[in-house]
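# heads up, no residue letters with this:
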Ligand SMILES: Nc1ncnc2c1ncn2[C@@H]1O[C@H](C[S@+](CC[C@H]([NH3+])C(=O)[O-])CC(=O)[O-])[C@@H](O)[C@H]1O
Ligand SMILES: O=C(O)C(=O)Cc1ccccc1
């Protein structure tokens with residue numbers, strides 16, 4: 001039934017997903033219930049940051065949201081004179097991230113910046129995190145962002161990249177999508193919520209196949225890439241300069 005009194009939004013009534021104040025309110029719950037292994041990914045990115053951080057350098061958390069990766073990196077940094085620059089283009093996210101970080105003490109300075117990572121100047125970096133952010137950058141801009149990231153990394157520096165990925169063909173993509181949707185059902189999302197979220201993100205989040213990520217990183221110049229996590233269509237990898 002799709003009459004005016006229908007309680008269900010029709011396809012065209014579903015707005016494109018955006019990281020606004022409404023999303024900020026529910027974000028920790030949303031990402032935990034939507035991304036399999038999110039907590040493990042965040043914790044491990046912190047450990048990898050601790051391993052690869054270099055003294056007198058910058059660490060970046062690009063698309064920081066509420067700062068989960070920033071906090072995880074900060075807990076693990078033991079090198080001297082490091083600073084973390086956390087960047088997001090959502091004003092609502094940045095304001096809540098600044099508030100959130102105030103609740104945690106550390107000697108490692110953090111600067112939370114409202115900015116677009118496609119226009120940001122990066123420099124003197126030992127660690128750069130892109131935790132489920134590149135997927136929201138228009139596909140035609142991704143290589144330029146990654147090239148700037150590579151250029152800003154010191155020798156031995158690392159990119160910590162997590163992404164939702166597309167299957168290598170339609171059959172495997174549908175297999176992964178079905179597994180992911182089952183994961184969401186298991187976490188209490190209804191069929192309608194799963195379907196409406198899929199519609200809401202389809203124009204603003206366009207996953208690449210994992211093979212494309214690996215090939216692009218090698219072509220840009222990263223000497224080594226290693227996938228250290230995959231569950232369904234969610235992956236995390238480290239790329240070393
Ligand atoms: N061009 C852009 N410039 C800056 N920020 C952007 C841009 N496009 C999107 N964002 C920001 O990238 C984040 C993507 S969420 C990252 C999760 C976080 N890393 C986490 O580990 O919790 C992923 C998700 O929710 O699936 C949002 O905060 C956007 O505002
Ligand atoms: O890929 C999905 O279906 C998601 O729900 C991932 C997600 C999580 C949080 C914000 C946007 C997309």
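Yep, it's here. The structure displayed is predicted, hence computed values, not measured ones. Ligands and ions are numbered 1, 2, ... in the order given.
# For ligand 1, what is the nearest residue in the chain?
Using CB to the nearest ligand atom, the closest approach of the chain to ligand 1 is made by residue 63 at 2.9 Å. All C-beta atoms are positioned from the backbone trio N, CA, C, and that covers glycine.
# Need the per-residue pLDDT for that residue.
Residue-level confidence at residue 63 comes out at 98, pLDDT.
# correct me, but it touches residue 87?
Yes - using CB atoms under 8 Å, residue 63 and residue 87 qualify as a contacting pair, with a distance of 7.2 Å.
# Between the two, which contacts overlap?
A shared contact of residue 63 and residue 87, defined by CB atoms under 8 Å, 6 or more residues apart in numbering, is any residue touching both; here these are residue 117.
# Next, the buried residues of the strand or helix carrying residue 61.
Element membership of residue 61, judged by DSSP states H and E, is strand 58-62. Of all the residues in strand 58-62, those buried under the rule 16 or more other CB atoms under 10 Å are 58, 59, 60, 61, 62.
# Can you give the distance from it to the centre of its chain?
The chain centroid and the centroid of strand 58-62 are separated by 12 Å under CA atoms, centre = their mean, to the nearest Å.
# Tell me the strands beside it, with direction?
Pairing partners of strand 58-62, with direction, according to DSSP bridges: strand 83-88 (parallel), strand 125-131 (parallel).
# Would you mind pulling the contact partners of that strand?
Judged by CB under 8 Å, 6+ apart, the contacts made with strand 58-62 from elsewhere in the structure are 49, 53, 67, 69-70, 73, 77, 82-87, 117, 120, 122-131, 133, 149.
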